[in-house]
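> got a structure for you, letters missing:
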């Protein structure tokens, strides 16, 4: 039975969904790397790295090359490096958008704090009267209930 393309893509992205695997792929972008160098750069247990390399090897995304007693890993093709560059561009755009949103939120917070500080400089009697200034318009000042509210049962 043929697997739908969207399901195959989901499996592919699931295979990439581990930080160690992504780091290995990043390190392999520049050419074959011995396992000992991967261990030095990633700083995980050899057995954990071996498991993650096995997942990448089974998927066909990396290949192992034996040179005497040294095992080196390499990307199976250049498309993986292209995918990692595309992911970097997408993340850069997303983070830039989030940075702009964060700046807008901070600006809104600063404006709101400025309005609150402006109200705090008015005399307490003016603030207690509230914007309408009439009965029932009393405001809570410094966490204290208005006199009318305190007198109610």
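Thanks, I have it. In this text, all values refer to a predicted model and were calculated from it rather than measured experimentally.
> any idea how far residue 39 is from residue 48?
According to C-beta to C-beta, to the nearest Å, residue 39 stands 10 Å off from residue 48. Backbone N, C-alpha and C define where each C-beta goes, glycine included.
> over to residue 108?
Distance from residue 108 to residue 48, by C-beta to C-beta: 45 Å.
> quick one on the thing from earlier: neighbour count: residue 39 and residue 48, which is higher?
residue 39 (15 against 12; other C-beta atoms under 10 Å).
> domains for this structure, by residue range?
5-77, 81-124 (automatic domain parsing).
> Throw those domains into a markdown table and include mean pLDDT, thanks.
Listed next are these as a markdown table, based on pLDDT from 0 to 100:
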| stretch | mean pLDDT |
| --- | --- |
| domain 5-77 | 95 |
| domain 81-124 | 83 |
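> out of these, deepest packed?
Each of these was scored by mean neighbour count; the highest is domain 5-77, a mean of 14, by mean count of other C-beta atoms under 10 Å.
> now the helices for this protein?
Along the chain, the segments classed as helices by DSSP state H run 5-16, 19-28, 35-42, 46-59, 79-120, 124-129, 147-151.
> and those: which comes nearest residue 71?
Closest to residue 71 of the helices of the chain is helix 35-42 (C-beta to C-beta; 5.2 Å).
> for the closest one, packing partners?
Packing partners of helix 35-42 (3 or more C-beta pairs under 8 Å, 6 or more residues apart in numbering; DSSP states H and E): helix 19-28, helix 46-59, strand 70-75.
> in JSON lines, list those along with distance to residue 7.
What follows is those, written out as JSON lines (distance: least, C-beta to C-beta, whole Å):
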{"stretch": "helix 19-28", "distance to residue 7": "20"}
{"stretch": "helix 46-59", "distance to residue 7": "15"}
{"stretch": "strand 70-75", "distance to residue 7": "24"}
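> so which residue is dead centre in this structure?
Per C-alpha atoms, centre = their mean, the C-alpha nearest to the average position across the chain is that of residue 95, at 8.2 Å.
> phi and psi next, for residue 77.
The phi/psi pair for residue 77 (degrees, to the nearest 10) reads phi -160, psi 170.
> so what's it up against?
Under the criterion of C-beta atoms under 8 Å, 6 or more residues apart in numbering, residue 77 has no neighbours.
> for it, give its distance to residue 101.
According to C-beta to C-beta, residue 77 and residue 101 sit 37 Å apart.
> one more: residue 63?
42 Å.
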